[in-house]
Structure formats: structure tokens, C-alpha cells
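Asks: Sharing a model prediction with you, sequence too.
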Amino acid sequence: AISPISGPLQRSLQNWLEKMFPADKIDIDGDGQTDYVIPRPPATYYLKQLFPSFIINCIIQLMSAGIFIAIEDNWGYGDAVYHCLVTATTVGYGDQTIETQTGRLWASLHMALSVCLLGEMISRIGDARAERAAELARVDQLRRRLDKNLLTDLFERVHELRPHFERDGRGLTELEFVVCMMLELNLVDMDQLRPFVKHFREIDVNGDGRLNQEDLDFTKKVSAAQLEELREKVGESTRRLSLPSASRSKSMSPSGALPRPPMRPQQGLAPSRPAAPPHAAPAHYGLPRVI
């Protein structure tokens with residue numbers, strides 16, 4: 001409940017700390033853009049993450065103490081600060097007596113506010129811990145060089161996502177690599193991706209493994225019944241993710257059916273990046289730069 005109020009202020013303080021103490025930023029390919037940031041040491045990292053919340057808590061308690069001394073005539077500022085800190089930490093010794101009805105009302109509000117702020121700060125510790133673990137895992141993967149283990153892991157991921165796909169023997173495409181790395185880092189999981197793979201196969205009406213203008217034009221020309229029949233038959237082929245061309249040519253057998261668009265061989269999720277000419281190959285490729 002307190003996050004909508006304290007959240008913007010915390011982010012502003014964190015941004016200020018980031019400007020005052022910037023982290024090392026890595027540019028992988030030298031294009032001038034930051035590709036990832038090196039996580040700070042634990043002490044610095046947690047100080048930056050928790051300092052704004054700590055400051056907000058301190059400010060709230062000092063302001064609350066000022067309200068208490070305005071309400072309770074027999075309290076000094078030290079007594080009020082002590083009461084606020086004991087209440088905020090949920091200790092509650094009960095050695096400070098609130099005598100006025102207004103003071104009791106404010107104490108109730110102060111207690112609820114303090115508990116919310118303390119809970120938010122504790123939850124922030126857990127969030128910061130999870131974020132740091134994710135950042136470290138991401139940096140480890142980005143610094144990982146291609147080796148047999150990495151290639152094996154990636155192919156296992158691809159096979160899990162598309163178990164019956166008949167590959168062309170040319171390896172992973174760029175997009176397949178990106179998707180597999182996101183799976184390795186748990187940025188997405190297989191249950192999130194699988195429905196989109198199935199949806200792609202459904203709207204890829206000619207079953208060639210590509211979405212293009214041909215699919216759109218063909219969808220506009222055929223009737224709903226013909227399109228449904230085509231999807232059912234293409235669905236049978238996409239469960240194997242490959243069919244002989246002779247089988248594909250018979251996918252629309254009813255009389256009056258429109259001819260299907262020309263088929264193209266499947267190549268994977270995306271075409272491979274074209275090779276750069278020798279003179280254009282950057283000398284720093286694969287060597288991250290600190291910017």
C-alpha cells in the first residue's frame with residue numbers, strides 16, 4: 001500500500017546514487033550503446049538498493065516525532081524519537097505513555113505507517129538479492145565463450161522447444177540462440193514460449209516456417225471452412241514440422257479450392273545473419289569494451 005507513495009522517491013534517490021557512483025558499463029560490439037552493466041560488490045550494491053528506503057524510514061520517523069511533541073505536552077523530542085523507533089521496529093516496550101486522545105489516534109496511524117514502511121524495506125532486501133543473482137547469471141552467460149558444453153545446452157533447449165523439427169544441419173540461427181539464452185537465464189520459461197510456437201504454426205497457413213505476405217494474401221482469398229481445413233492438415237505436418245512436398249501439394253483437395261502459395265524449405269526460426277565482407281569485420285568483435 002505504501003509502494004505507490006515511496007516508490008517514486010526511492011527510484012529518484014537510486015538514480016541520483018547511480019549518477020554519483022556509476023557502474024562499469026560494457027559495450028560488446030563497440031556501437032556506443034551499453035549492452036550490460038557489471039554488478040557492484042555486495043556491500044556497494046546493497047547499500048545503493050537499501051539506502052533510499054532507509055532514508056525514507058528515518059525521515060518519516062523524525063517527522064512523526066515532531067507531530068508527537070506537538071500533541072503530547074510532556075514529551076521531549078528525544079522521547080518522541082525513541083517512541084517512534086520502538087514502534088517502527090515493532091518492539092513496543094510500552095514505557096512511553098500517550099495521554100491525549102489525539103495522541104492515541106496519531107499513534108494508531110503512525111503504527112500502521114511504520115509497519116508498512118518496515119515491511120517494504122524488508123521486501124526490498126529480498127528483491128535486491130534476487131535482482132543481483134539474476135544480473136550475475138546474465139553477465140556470466142554473456143561472458144561465456146562458445147564451447148562444446150554451451151553448444152550442447154543450446155541444442156537441448158532447441159530440441160525441447162521444437163522436438164520434431166527437421167534441421168538443415170547448419171546449426172542455430174541468431175534468433176534461436178537468443179531464445180535459448182533467455183531460457184537458460186530463466187527470463188522466460190518453456191510454458192510461456194510453447195503457446196506462441198503453436199500459434200505460429202496455426203497462422204503459418206502454407207506450412208513453410210515463415211510468416212509473410214503470401215500467408216496474408218492466401219488467408220484473405222480462402223473461405224473460413226477452407227482455411228480451417230488447411231490449418232488442420234498443416235497442423236498434422238507441423239507436429240512433425242516437416243512434410244514431403246508431395247504431401248503438402250494435396251493439402252487442399254476439395255473441388256474449387258484455391259491453389260496454395262509456393263512452398264519454401266524450412267530454415268529455422270530466422271535466417272542466419274549474412275556474413276560480413278572481410279574488410280568490414282570489426283577487430284574488436286567478441287571483446288567487450290568498458291564505456
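Replies: It's in.

Asks: contacts and neighbour counts: CA atoms only from here.
Replies: Will do.

Asks: Could you pull out the strands in the stretch 1-150 of the chain for me?
Replies: Here the stretch 1-150 of the chain has its strands, by DSSP state E, counting those that start in this stretch, at 25-27, 36-37.

Asks: Would you map the helices across the stretch 1-150 of the chain?
Replies: Assigned by DSSP state H, counting those that start in this stretch, the helices in the stretch 1-150 of the chain fall at 3-20, 42-71, 77-88, 101-142, 148-161.

Asks: Report all helices and strands that the fourth one contacts.
Replies: Contact here means 3 or more Cα pairs under 8 Å, 6 or more residues apart in numbering; DSSP states H and E; on that basis helix 101-142 packs against helix 42-71, helix 77-88.

Asks: Now do that helix against helix 3-20, angle only.
Replies: Going by axes from the mean of the first three to the mean of the last three Cα atoms, to 10 degrees, helix 101-142 is angled at 50 degrees with respect to helix 3-20.

Asks: Quick one: mean pLDDT over helix 101-142.
Replies: Averaged over helix 101-142, pLDDT sits at 88.

Asks: Could you do the first one as well?
Replies: Within the predicted structure, the mean pLDDT of helix 3-20 is 78.

Asks: Quick check, central residue of this protein?
Replies: In the chain, the centroid-proximal residue (Cα atoms, centre = their mean) is Leu187; its distance is 5.4 Å.

Asks: which SS state does it fall under?
Replies: Following DSSP: H, G, I helix; E, B strand; the rest coil, Leu187 is assigned to coil.

Asks: Would you check how far apart the residue lying farthest from the centre of the chain and Pro8 are?
Replies: For the chain, the residue at maximal distance from the C-alpha centroid (Cα atoms, centre = their mean) is Asn74, at 53.6 Å. With the distance defined as Cα to Cα, to the nearest Å, Asn74 ends up 37 Å from Pro8.

Asks: same check, this time on Arg129
Replies: According to Cα to Cα, Arg129 stands 20 Å off from Pro8.

Asks: higher neighbour count, those two?
Replies: Arg129 (15 against 11; other Cα atoms under 10 Å).

Asks: That one: what's it in contact with?
Replies: Contacts for Arg129 (Cα atoms under 8 Å, 6 or more residues apart in numbering) come out as none.
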